[in-house]
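Chemist: Here is my input, please return the structure:
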Amino acid sequence: MQWYNHEHRHSSIQFVTPAQRHAGLDKAIIAQHLQVYADARKAQPQRWSSCTRDWQVVTEVHLNPTKNPQESEQHTKVVSMQIDA
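Modeler: The predicted model follows:
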C-alpha cells in the first residue's frame, strides 16, 4: 500500500500519486509538469512535431472505464440477451 499510494505515479491522474491527489497537491504538480514541457518545447522546438501531453487536471476517475457510451450500451444489451435466453 505504501508504494501504491505514495510512490507510484498514476497515468490516469496525470502522473501524481494518490496521496498527492488526496492532499490537493496535484494541481501544483501538474502546473509544474506543464511548465517543464513548455520550457523544453521552447528550448528545442525541432524536437516537437505536435502538441505536448494534455496536462489538464483530471476531475473524475473511474475504475474500469468504458471507451465510449455506445460500447457500454452494447455490452449491456449482450448481457441482457444472454440472461433472457
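
Chemist: so Lys67, which of the three states?
Modeler: coil (DSSP: H, G, I helix; E, B strand; the rest coil).

Chemist: Can you tell me the centre-most residue of this structure?
Modeler: Nearest to the mean C-alpha position of the chain, by Cα atoms, centre = their mean, lies Ser12 at 2.5 Å.

Chemist: and the nearest residue to it once chain neighbours are set aside, what element?
Modeler: Excluding its sequence neighbours, the residue lying closest to Ser12 (Cβ to Cβ, 6 or more residues apart in numbering) is Val61, at 5.9 Å. From N, CA and C alone the C-beta is placed, and that goes for glycine too. Val61 is part of no helix or strand, with elements assigned from DSSP states H and E.

Chemist: picking up where we left off before, shouldn't the residue nearest to the centre of the chain be in contact with Val58?
Modeler: Yes: the pair Ser12 / Val58 is scored as a contact, 6.9 Å apart, by Cβ atoms under 8 Å.

Chemist: which residues does the residue lying closest to Phe15 once chain neighbours are set aside contact?
Modeler: Nearest residue to Phe15, sequence neighbours excluded (Cβ to Cβ, 6+ apart): Arg9, at 4.4 Å. Residues counted as contacts of Arg9 (Cβ atoms under 8 Å, 6 or more residues apart in numbering) are Phe15, Val16, Thr17.

Chemist: which residues of this structure fall in helices?
Modeler: 2-6, 18-22, 26-43, 69-84 (DSSP state H).

Chemist: Would you single out the least confident of those helices?
Modeler: Of all the helices of the chain, the segment with the smallest mean pLDDT is helix 69-84, scoring a mean of 51.

Chemist: Quick check: the gap between the closest residue to His8 other than its chain neighbours and Arg9.
Modeler: Of all residues not flanking His8 in the chain, Thr17 sits nearest, at 6.3 Å (Cβ to Cβ, 6+ apart). According to Cβ to Cβ, to the nearest Å, Thr17 and Arg9 sit 6 Å apart.

Chemist: Cool, thanks, signing off.
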